[in-house]
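Peer 1: Turn this into a structure:
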Amino acid sequence: MRNRSRLAMMAGVALLPATAVAAYAAGSERATTTVAPAATRDVLAQVVDPAGAKGRTLALSKVVIPAHTALALHRHPGNQIAYIERGTLTYTVRTGVVKVYRGPADDHPKVVRSVRAGQTGSVHTGEWVVERPGDVHFGANNGSGKVVILLATLFTDGSPASIPVTR
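Peer 2: As a prediction, the model looks like this:
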(Lines give C-alpha, C1' and ligand atoms only; values in the text may rest on other atoms or scores of the structure.)
Protein backbone atom coordinates (compact mmCIF):
# COMPACT_ATOMS: atom_id res chain seq x y z
CA MET A 1 0.00 0.00 0.00
CA ARG A 2 2.85 2.31 0.81
CA ASN A 3 4.38 1.78 -2.63
CA ARG A 4 1.06 2.63 -4.32
CA SER A 5 0.79 5.83 -2.31
CA ARG A 6 4.36 6.74 -3.18
CA LEU A 7 3.75 5.94 -6.86
CA ALA A 8 0.61 8.14 -6.91
CA MET A 9 2.52 11.00 -5.32
CA MET A 10 5.37 10.68 -7.88
CA ALA A 11 2.86 10.66 -10.73
CA GLY A 12 1.20 13.78 -9.30
CA VAL A 13 4.56 15.54 -9.03
CA ALA A 14 5.46 14.51 -12.58
CA LEU A 15 2.14 15.88 -13.92
CA LEU A 16 2.37 19.15 -12.00
CA PRO A 17 4.40 21.02 -14.67
CA ALA A 18 1.99 19.90 -17.40
CA THR A 19 -0.99 20.99 -15.31
CA ALA A 20 0.63 24.38 -14.65
CA VAL A 21 1.33 24.89 -18.36
CA ALA A 22 -2.28 23.98 -19.23
CA ALA A 23 -3.63 26.35 -16.58
CA TYR A 24 -1.35 29.15 -17.80
CA ALA A 25 -2.40 28.56 -21.40
CA ALA A 26 -6.08 28.56 -20.44
CA GLY A 27 -5.60 31.76 -18.47
CA SER A 28 -3.76 33.49 -21.29
CA GLU A 29 -6.40 32.34 -23.78
CA ARG A 30 -9.08 33.93 -21.65
CA ALA A 31 -7.08 37.14 -21.50
CA THR A 32 -6.73 37.32 -25.27
CA THR A 33 -10.41 36.66 -26.00
CA THR A 34 -11.71 39.74 -24.24
CA VAL A 35 -14.21 41.72 -26.27
CA ALA A 36 -12.72 44.72 -28.07
CA PRO A 37 -14.36 48.04 -27.25
CA ALA A 38 -17.13 48.97 -29.66
CA ALA A 39 -17.76 52.25 -31.40
CA THR A 40 -20.35 54.50 -29.78
CA ARG A 41 -22.88 56.85 -31.36
CA ASP A 42 -24.51 59.57 -29.28
CA VAL A 43 -27.27 61.81 -30.63
CA LEU A 44 -26.35 65.35 -29.53
CA ALA A 45 -29.39 67.17 -30.97
CA GLN A 46 -32.27 66.49 -33.34
CA VAL A 47 -35.50 67.87 -34.69
CA VAL A 48 -38.35 65.85 -36.21
CA ASP A 49 -40.11 67.34 -39.24
CA PRO A 50 -37.96 70.48 -39.61
CA ALA A 51 -39.27 73.23 -41.89
CA GLY A 52 -38.82 72.16 -45.50
CA ALA A 53 -38.26 68.50 -44.61
CA LYS A 54 -41.60 67.10 -43.43
CA GLY A 55 -41.33 63.37 -42.69
CA ARG A 56 -37.60 63.68 -41.97
CA THR A 57 -35.45 63.89 -38.85
CA LEU A 58 -32.45 66.21 -38.84
CA ALA A 59 -29.85 65.13 -36.26
CA LEU A 60 -26.37 65.93 -35.02
CA SER A 61 -24.47 62.96 -33.59
CA LYS A 62 -21.01 62.07 -32.36
CA VAL A 63 -19.34 58.75 -33.10
CA VAL A 64 -16.24 57.56 -31.27
CA ILE A 65 -14.31 54.65 -32.78
CA PRO A 66 -11.68 53.12 -30.47
CA ALA A 67 -8.21 52.22 -31.75
CA HIS A 68 -8.00 49.13 -33.96
CA THR A 69 -11.78 48.92 -34.46
CA ALA A 70 -13.75 48.60 -37.68
CA LEU A 71 -17.41 49.33 -38.27
CA ALA A 72 -19.57 46.84 -40.15
CA LEU A 73 -20.39 47.30 -43.81
CA HIS A 74 -23.52 49.51 -44.01
CA ARG A 75 -25.49 52.21 -45.76
CA HIS A 76 -27.67 55.07 -44.52
CA PRO A 77 -31.40 55.66 -45.10
CA GLY A 78 -30.81 59.30 -46.04
CA ASN A 79 -28.03 61.84 -46.48
CA GLN A 80 -25.26 62.09 -43.92
CA ILE A 81 -22.26 64.40 -43.56
CA ALA A 82 -19.39 62.92 -41.54
CA TYR A 83 -16.76 65.40 -40.26
CA ILE A 84 -13.58 63.98 -38.75
CA GLU A 85 -12.98 65.93 -35.56
CA ARG A 86 -10.06 63.79 -34.37
CA GLY A 87 -7.91 61.01 -35.82
CA THR A 88 -7.78 59.41 -39.24
CA LEU A 89 -10.62 57.27 -40.57
CA THR A 90 -9.76 54.49 -43.02
CA TYR A 91 -12.77 54.61 -45.32
CA THR A 92 -13.77 51.84 -47.73
CA VAL A 93 -16.52 52.19 -50.35
CA ARG A 94 -18.20 49.07 -51.70
CA THR A 95 -20.75 50.82 -53.98
CA GLY A 96 -21.01 54.45 -55.01
CA VAL A 97 -18.45 57.27 -55.02
CA VAL A 98 -17.77 59.34 -51.92
CA LYS A 99 -15.94 62.67 -52.16
CA VAL A 100 -13.64 63.82 -49.37
CA TYR A 101 -13.74 67.58 -48.70
CA ARG A 102 -11.53 70.06 -46.83
CA GLY A 103 -11.79 73.78 -46.18
CA PRO A 104 -14.57 76.16 -45.15
CA ALA A 105 -17.83 74.43 -46.02
CA ASP A 106 -19.66 77.70 -46.61
CA ASP A 107 -17.03 79.08 -48.97
CA HIS A 108 -16.38 76.60 -51.78
CA PRO A 109 -14.99 73.55 -50.00
CA LYS A 110 -12.25 71.75 -51.87
CA VAL A 111 -12.61 68.13 -52.99
CA VAL A 112 -9.30 66.57 -51.98
CA ARG A 113 -9.99 63.03 -53.21
CA SER A 114 -12.75 60.65 -54.20
CA VAL A 115 -13.12 57.13 -52.87
CA ARG A 116 -14.75 54.95 -55.52
CA ALA A 117 -16.38 51.53 -55.30
CA GLY A 118 -13.73 48.95 -54.40
CA GLN A 119 -11.31 51.56 -53.03
CA THR A 120 -10.09 52.54 -49.59
CA GLY A 121 -8.89 56.01 -48.66
CA SER A 122 -8.04 58.06 -45.58
CA VAL A 123 -10.18 60.84 -44.16
CA HIS A 124 -8.09 63.04 -41.87
CA THR A 125 -8.91 65.48 -39.08
CA GLY A 126 -10.70 68.51 -40.56
CA GLU A 127 -11.98 66.60 -43.61
CA TRP A 128 -15.51 65.36 -44.26
CA VAL A 129 -17.53 63.16 -46.58
CA VAL A 130 -21.11 63.32 -47.82
CA GLU A 131 -22.75 59.90 -47.78
CA ARG A 132 -25.86 59.25 -49.86
CA PRO A 133 -28.37 56.42 -49.45
CA GLY A 134 -26.80 54.27 -52.21
CA ASP A 135 -23.26 54.50 -50.81
CA VAL A 136 -22.36 51.18 -49.20
CA HIS A 137 -19.27 51.63 -47.06
CA PHE A 138 -17.50 51.13 -43.75
CA GLY A 139 -14.95 52.97 -41.69
CA ALA A 140 -12.11 51.71 -39.54
CA ASN A 141 -9.70 53.14 -37.04
CA ASN A 142 -6.33 51.56 -37.74
CA GLY A 143 -4.51 53.98 -35.44
CA SER A 144 -3.60 53.87 -31.76
CA GLY A 145 -5.86 56.77 -30.64
CA LYS A 146 -9.60 57.18 -30.98
CA VAL A 147 -11.35 58.60 -34.04
CA VAL A 148 -14.09 61.14 -33.30
CA ILE A 149 -16.68 61.91 -36.01
CA LEU A 150 -19.42 64.53 -35.98
CA LEU A 151 -22.44 63.54 -38.07
CA ALA A 152 -25.22 65.63 -39.54
CA THR A 153 -28.02 63.40 -40.79
CA LEU A 154 -31.30 63.89 -42.61
CA PHE A 155 -33.20 60.61 -42.50
CA THR A 156 -36.83 59.56 -42.90
CA ASP A 157 -38.60 59.77 -39.53
CA GLY A 158 -38.11 56.56 -37.56
CA SER A 159 -35.27 55.27 -39.74
CA PRO A 160 -32.27 53.57 -38.15
CA ALA A 161 -28.92 55.40 -38.12
CA SER A 162 -27.40 52.78 -40.40
CA ILE A 163 -28.54 49.68 -42.23
CA PRO A 164 -26.20 46.64 -42.24
CA VAL A 165 -25.24 45.25 -45.63
CA THR A 166 -24.24 41.59 -45.87
CA ARG A 167 -22.86 41.36 -49.38
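Peer 1: going forward, measure contacts between C-alpha atoms and count neighbours the same way
Peer 2: Fine.
Peer 1: residues touching I149, list them.
Peer 2: 62-64, 82-86 (Cα atoms under 8 Å, 6 or more residues apart in numbering).
Peer 1: Give me the subset of the residues you listed lying in strands.
Peer 2: When DSSP state E defines the strands, the subset of the contacts of I149 inside them is 62-64, 82-86.
Peer 1: Would you reformat these as CSV and include pLDDT, neighbour count and distance to V136?
Peer 2: Shown next, in CSV, are these (pLDDT from 0 to 100; neighbours: other Cα atoms under 10 Å; distance: Cα to Cα, whole Å):
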residue, pLDDT, neighbour count, distance to V136
K62, 98, 19, 20
V63, 98, 18, 18
V64, 98, 18, 20
A82, 98, 21, 14
Y83, 98, 23, 18
I84, 98, 22, 19
E85, 98, 18, 22
R86, 98, 17, 23
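Peer 1: from those, which is closest to R167?
Peer 2: Ranked by distance to R167 (Cα to Cα), the ones in strands among the contacts of I149 are led by A82 at 23.2 Å.
Peer 1: which SSE is the nearest residue to the closest one once chain neighbours are set aside in?
Peer 2: Nearest non-adjacent residue to A82, counting by Cα to Cα, 6 or more residues apart in numbering: L151, 4.7 Å away. Element membership of L151 [criterion: DSSP states H and E] is strand 147-156.
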